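1. I need the structure of the sequence given here:
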Amino acid sequence: METKRIIIEDRNHIKDEELKEAASILRSGGLVAFPTETVYGLAADATNGAAVERIFKAKGRPQDNPLIVAHVSCVEEVAPLVKEIPEAGRKLMEAFWPGPLTMIFPKSEKVPYGTTGGLDTVAIRMPDDPVANRLIALAGVPVAAPS
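-> Sure thing, here's the model as predicted:
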């Protein structure tokens with residue numbers, strides 16, 4: 001496996017070309033390190049159980065220790081991942097997203113149990129890092145990453 005490093009020249013003016021390969025890797029079940037609010041996280045397609053298992057193996061993380069399953073790029077990406085979004089959740093999203101707020105919802109069937117550590121709930125967050133947010137949008141999949 002080859003490790004590639006992508007340098008974003010200007011974080012305020014991200015060019016899609018800079019992230020297309022990383023987005024493609026996520027879509028195809030690979031792993032990508034991406035920036036979060038505090039550190040870099042190891043990311044995979046949250047809906048691909050085999051891809052998420054690669055995170056657990058790479059990190060030596062116990063399978064029952066759930067990931068922040070869905071890093072999403074916009075609020076509209078939440079609904080397919082959850083059974084319902086209560087009104088309080090919608091208000092919190094409006095007030096604090098994008099940003100370092102993770103919310104827990106009952107998961108939908110789209111999210112594998114391997115991703116949630118066997119739980120019926122899913123942790124969802126919308127990062128405010130412009131590179132992370134654009135990568136997720138380009139990948140077109142929710143991104144799972146360790147907390």
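2. give me the nearest residue to residue 130, chain neighbours excluded.
-> Taking CB to CB, 6 or more residues apart in numbering as the measure, residue 130 lies nearest to residue 11, with 5.6 Å between them; neighbours along the chain are not counted. (Glycine included, C-beta is placed from N, CA and C.)
3. can you report how many residues neighbour that neighbour?
-> A count of nearby residues for residue 11, using other CB atoms under 10 Å, gives 11.
4. that one and residue 134 touch, don't they?
-> No. Counting by CB atoms under 8 Å, residue 11 stays clear of residue 134, with 9.7 Å between them.
5. neighbours of residue 50, how many?
-> Using other CB under 10 Å as the criterion, residue 50 is surrounded by 11 other residues.
6. tell me which helix or strand comes right after whichever helix or strand it is part of.
-> Using DSSP states H and E, residue 50 sits in helix 49-59. On the C-terminal side of helix 49-59, the closest following helix or strand by DSSP H and E is strand 68-71.
7. for that following strand, the distance to its chain's centre please.
-> 4 Å (CA atoms, centre = their mean, to the nearest Å).
8. for that strand, packing partners?
-> Packed against strand 68-71 by the contact rule (3 or more CB pairs under 8 Å, 6 or more residues apart in numbering; DSSP states H and E) you find strand 121-126, strand 143-145.
9. switch those strands over to JSON lines; also include mean neighbour count.
-> Shown next, in JSON lines, are the helices and strands packed on strand 68-71 (neighbours: other CB atoms under 10 Å):
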{"stretch": "strand 121-126", "mean neighbour count": "23"}
{"stretch": "strand 143-145", "mean neighbour count": "28"}
